[in-house]
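S.K.: turn this into a model:
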Amino acid sequence: MFFSLRLRLLESALDAPDRATVRRRPACAAHFVTGFRGKCTALLWLRCHGYTVVAHAWRSARAPDLIAWTAEPSGDASSPTLRFVEVKTRTTRAVAPAHLAVDEDKRLALRRLARHYLRRLPSRNVPTRFDILSIYFEK
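M.R.: Numbers count the residues shown, from 1 in each chain. A predicted model of the protein is given here:
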């Protein structure tokens with residue numbers, strides 16, 4: 001209950017600049033707006049759950065939406081895991097689950113970009129994980 005209220009307040013705060021400048025911006029396709037709202041919500045959710053987000057929309061449109069560090073569920077802070085998070089946002093559950101949009105081509109592109117990202121780290125021997133975060137904005 002408290003988390004839901006807090007999340008709605010944070011979403012409202014994030015939407016405030018958009019509402020204030022809506023007349024100055026050209027119209028944007030509804031699915032882009034939905035995707036952007038989903039990524040903002042995912043970012044807030046990850047931060048509230050202890051993730052440290054280090055990148056978003058890194059390198060290209062085919063890149064993972066968010067890259068974050070987190071400790072393993074055991075709570076051992078000495079073994080952080082690098083997570084490549086793909087966010088899929090939908091306005092309804094009626095068609096198909098959002099995670100099914102991550103097909104084999106997208107997975108291959110994510111693996112390639114993850115390897116490229118890992119080459120830039122000082123230590124390449126880092127536990128990694130790929131996650132899909134499905135977000136639904138249902139009315």
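S.K.: which strand is the longest one in this protein?
M.R.: strand 80-90 (DSSP state E).
S.K.: which other residues reach it?
M.R.: Applying CB atoms under 8 Å, 6 or more residues apart in numbering, the contact partners of strand 80-90 are 34-35, 37-39, 41-42, 46, 51, 64-72, 98-99, 101-102, 106, 110, 113-114, 117-118, 126-137. In this view, the C-beta of every residue, glycine as well, is placed from N, C-alpha and C.
S.K.: buried among those residues? Make that a ChimeraX selection.
M.R.: The buried residues among the contacts of strand 80-90 can be selected in ChimeraX (16 or more other CB atoms under 10 Å) with this line:
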select :35,37,38,39,41,42,46,51,64,65,66,67,68,70,98,110,113,114,117,132,133,134,135
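S.K.: can you list the strands that the longest strand of the chain pairs with?
M.R.: If you go by DSSP bridges, strand 80-90 pairs up with strand 66-71 (antiparallel), strand 128-136 (parallel).
S.K.: list the buried residues in it.
M.R.: Judged by neighbour count (16+ other CB under 10 Å), strand 80-90 contains these buried residues: Leu82, Arg83, Phe84, Val85, Glu86, Val87, Lys88, Thr89, Arg90.
S.K.: what mean pLDDT does it have?
M.R.: Mean pLDDT, computed over strand 80-90, is 90.
S.K.: what's downstream of that strand, the next helix or strand?
M.R.: helix 104-119 (DSSP states H and E).
S.K.: and that following helix, what does it pack against?
M.R.: The contact analysis (3 or more CB pairs under 8 Å, 6 or more residues apart in numbering; DSSP states H and E) places helix 104-119 against strand 80-90, strand 128-136.
S.K.: indicate which one of those is closest to Ala30.
M.R.: strand 80-90 (11.5 Å; CB to CB).
S.K.: now that closest one and helix 104-119, what's the angle there?
M.R.: Relative orientation of strand 80-90 versus helix 104-119 (axes from the mean of the first three to the mean of the last three CA atoms, to 10 degrees): 150 degrees.
S.K.: looking at the chain, which helix or strand is least sure?
M.R.: Lowest on mean pLDDT, DSSP states H and E among the helices and strands of the chain sits helix 2-20, with a mean of 67.
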